[in-house]
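**Q** Turn this into a structure:
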Amino acid sequence: MRRHPHHRPLEHRRRLILAAAPLAVAALVLAGCATQTAGSTNTATTDDTTTETAAVVDSDLSAAAVLAANADVTVVKDDEWSGTDAADITLSGSTASSESDAVTVDGSTVTITEAGVFRLSGSLDGQVVVAAPEDAQVVLILDDAEIAASDSPAITVTGADDVAISLAAGTDNSVSDASSYADGADANAAIYADADLTISGTGALSVSGNGNDGITSTDDLVILSGEITVEAADDALRGKDSLTVEGGTLELTAGGDSLKSDQADDATQGFVAITGGAVTATSGDDGIAAATDAVVTGGTVSLTAGTDASASDDSPKGVTAGVVVAIDGGDITIEAADDAVHSDGSVGIGGGTVTVSAGDDGIHAEQRLEIRDGVVTIAESYEGLEATDVAISGGTVDITSSDDGVNGASGTASDTQGGGMGGGGEQDTGETITISGGSVRVAAVGDGLDSNGTISITGGTTVVSGPSSAGGQGALDSNGTITIDGGEVFVAGSVLVAPTGSQQWVAATASGSAGDTVAVTDASGTVIASFEADQSFGAVFYSGPAVADGGSFTIAVNGVTAATVSEGVNVSGGGMGGGMGGGGGRRP
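**A** Numbering: from 1, shown residues only. Okay, here's the model as predicted:
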C-alpha cells in the first residue's frame, strides 16, 4: 500500500469547534488544515440550548494547502500486486469452491483468512468475508462476479490492513445486501470494510445498498477507476477517515448523502477529495458531506441534492464541510434544495468551473469566502454569495439572486441602529466585501452588494443590475463605508449611495429595461464605458479610471440621451441618496 503525502507540521493545523447537541456531548474540538484570524463566536446557556462556536481556519484556502494539512491517505495501487498470483474462487449459487488454503467455505459464506490476491467469478447467494491478519493486504479481483446476500453485507472485511477490489477488464460485477439491519449493527453496507479500501480496474460494478449504505470503509476509501453504479438506502459512498475519488465513472443514487466522510475525532481526517473522474450523484440529503474539508481539484462532478428531503433532513446541500471547501479545478454542477456550497468555516475557489442552482445560498461560508480564479455561475439562488468576509480577486463571477447578490453578514451581525452610511443608520459590525480583481456580474432582486460592515472595490469589473424598485433595497448597501479606489463599477438599479475613495464617479436618474445598453460619454463625445442592464432600472452609476475629476458626462440608454451630469454630484428622485435600506443581516 501507499500513502498520499498529505502530512504537514503541527503548527499549520487549523481547528474547528462544532455546535454541541443539547444534553448530549460537549463542544467537539477538531484540529485540521488550512488558520485565519477570525475569532470564535460563543453562545453559552445554562439550559438545553446549544453552544455555537465558529471555526478557525488558515488564511491559505488553496486546495494544495488544505490537502497538505490533512493526514496521508492509504491506497493500494495496481502495480503493488499481480493478477498472475491470484487464487481462484468459483462462486456457485449457494456455495463456492477454491483450492487455496487461505479460503474456507461454510455453506454460502466464503471466508478469506490470509493475505494474497483472489479472483472471484460466478454467482453467489451469500457473502464473502475477509478475516485476515491485521497486517495483511488482500486483493479481490471481481471477474464477472455476482454476490447477493439476504441477511448481511455482500462483502465484509472484518480483519486486514489494506483491501483492494479490482474490477477485471470487460467484466460486469454486482453486489447487493440485506434489506435491513439491526439497530447498532457495525457492518451495514453492501460492501463494508473495517480497513482501508481501494477500488480500481476498468470493469463495471453495480452496488445495491438495500439496507443502508452502498460502500463503506471505516478508514480511507479510495476510488481509482472503474465504472461504478451505487444505489443506496442511505449513503452511497462513505469513507469514515477520508473519501478520495481519483478517477472512474461514478453514478450514485442515495437516500442520504452521496459522498461522505464523517470522522470527527481527528481533525486531519474526515475529508472528501475529488481529483479526477466523472461523478454524477443524486441524493435525498447532501451531495458531498465532509466533517472537515471538501476539496475538488479535477474531474467532472454533477450533484443533485434534496430529491427527497423528507426522508433525510430539511436542508440538503450540494457540498457541505465543517471547516473548508476548497475548489481549484474541475467542472462542478450543483442543484440543491438548500445551499449549493456550504462551509461552517471558509470557502476558497481558485480555479475550475462551478455552476449552481440553489434553493437558498449559492455559496455560503460562516467565515471567509474567497474567489481567486475560475468561473463561478450562480444561476439561481436566494442569496448568491454569503460570508462574514467576501473577497473576489480574480476569475469570472456571475450571480442571479432573488434577494441579495453578495452578502457580507455574520452570525454576530447586529441590527442595532447606529452610525455608518448606506444602511439606514445601522451599525457597522465589521463584515467586509472586497473586490480587487476579476469580473463580477450581479442581477439581484434585493441588494446587489450588501455588507453589514464595509464594501471596498479596488480593481476588476463589477456590474450590478437591480433592484428594479427601491423598497428598502439598493444596488450597493453598506452599514459602513463604500470605498472605490480602482477598477470599473457599473450599476443600473434603483437606489445608489455616494461612495468614498480616490476614484471619480458619475450618477444619473435614468430609466430602462432589461437588455438595454447604458453608455457613458465624456464632454468630447467619446464613449468611456457601456454595459447591458439585466433588469429594469431607474438610476445609473459608473466609476472608472476614465472619469475625470469635475468633468461633464452624458448618460444614454439605447443611444438616447437620458441625462447630462457632473462628476461626483448626487442625483435626486429615483437615484442617488444616503439610505440603502435594511442592511440585510444573515437569516437565522
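
**Q** Can you show me the helices along the chain?
**A** 63-68 (DSSP state H).

**Q** low-confidence ranges in the protein?
**A** 1-59, 307-314, 411-425, 469-473, 495, 571-588 (pLDDT under 70).

**Q** Recalculate using a threshold of 50.
**A** Low-confidence segments of the chain (pLDDT under 50): 6-54, 309-312, 412-424, 573-588.

**Q** what's the distance between residue 157 and residue 280?
**A** With distances taken as C-beta to C-beta, to the nearest Å, residue 157 is found 27 Å from residue 280. (C-beta placed from N, C-alpha, C; glycine too.)

**Q** same check, this time on residue 543
**A** As for residue 543, its distance to residue 280 is 44 Å (criterion: C-beta to C-beta).

**Q** do residue 175 as well
**A** Distance of residue 175 to residue 280, given as C-beta to C-beta: 20 Å.

**Q** got it, and residue 557?
**A** 44 Å.

**Q** Neighbour count for the two, which is higher?
**A** Taking other C-beta atoms under 10 Å, residue 557 and residue 280 do not tie; residue 557 has more neighbours (21 against 17).

**Q** isn't the more buried one right up against residue 513?
**A** No: contact criterion C-beta atoms under 8 Å: residue 557 and residue 513 do not qualify, at 9.0 Å.

**Q** ok now do residue 136, which residues does it touch?
**A** Counting by C-beta atoms under 8 Å, 6 or more residues apart in numbering, residue 136 touches 114, 115, 159, 160, 161.

**Q** if you set the cut-off to 10 Å instead, what comes out?
**A** Residue 136 sits next to 102, 112-116, 130, 159-163, 195 when contact means C-beta atoms under 10 Å, 6 or more residues apart in numbering.

**Q** go on, residue 123?
**A** Counting by C-beta under 10 Å, 6+ apart, residue 123 has contacts 91, 92, 93, 94, 96, 144, 145, 146, 147, 148, 174.

**Q** Produce a ChimeraX select command limited to the buried residues of the residues you listed.
**A** Here is the ChimeraX command that selects only those of the contacts of residue 123 that count as buried (16 or more other C-beta atoms under 10 Å):
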select :91,96,144,145,146,147,148,174
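
**Q** Show me which pair in the contacts of residue 123 is furthest apart.
**A** Pairwise distances across the contacts of residue 123 peak at 18.4 Å for 94 and 144 (criterion: C-beta to C-beta).

**Q** coming back round to it: okay, the contacts of residue 123 in TSV with distance to residue 267 next?
**A** Output for the contacts of residue 123, formatted as TSV (distance: C-beta to C-beta, whole Å):
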residue	distance to residue 267
91	42
92	48
93	48
94	46
96	43
144	43
145	38
146	41
147	36
148	39
174	37
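
**Q** tell me which of the contacts of residue 123 is nearest to residue 426?
**A** Within the contacts of residue 123, proximity to residue 426 (C-beta to C-beta) peaks at residue 174, which comes in at 60.0 Å.

**Q** What separation do you get for the nearest residue to that closest one once chain neighbours are set aside and residue 233?
**A** Nearest non-adjacent residue to residue 174, counting by C-beta to C-beta, 6 or more residues apart in numbering: residue 206, 4.3 Å away. Using C-beta to C-beta, residue 206 is found at 15 Å from residue 233.

**Q** more neighbours, those two?
**A** Just comparing residue 206 and residue 233: by other C-beta under 10 Å the higher neighbour count belongs to residue 233, 24 against 17.

**Q** Check whether the more buried one really touches residue 207, as I assumed.
**A** No: if you go by C-beta atoms under 10 Å, residue 233 and residue 207 don't touch, sitting 11.8 Å apart.

**Q** any common contacting residues for the two?
**A** Listed as contacting both residue 233 and residue 207 by C-beta under 10 Å, 6+ apart are 177, 189, 190, 213, 214.

**Q** The closest residue to residue 97 other than its chain neighbours: how many residues sit nearby?
**A** Among residues not flanking residue 97 along the chain, residue 90 sits closest, at 5.1 Å (C-beta to C-beta, 6+ apart). Counted by other C-beta under 10 Å, the residues lying close to residue 90 total 16.

**Q** Next: residue 322.
**A** Number of residues near residue 322 (other C-beta under 10 Å) recorded here: 26.
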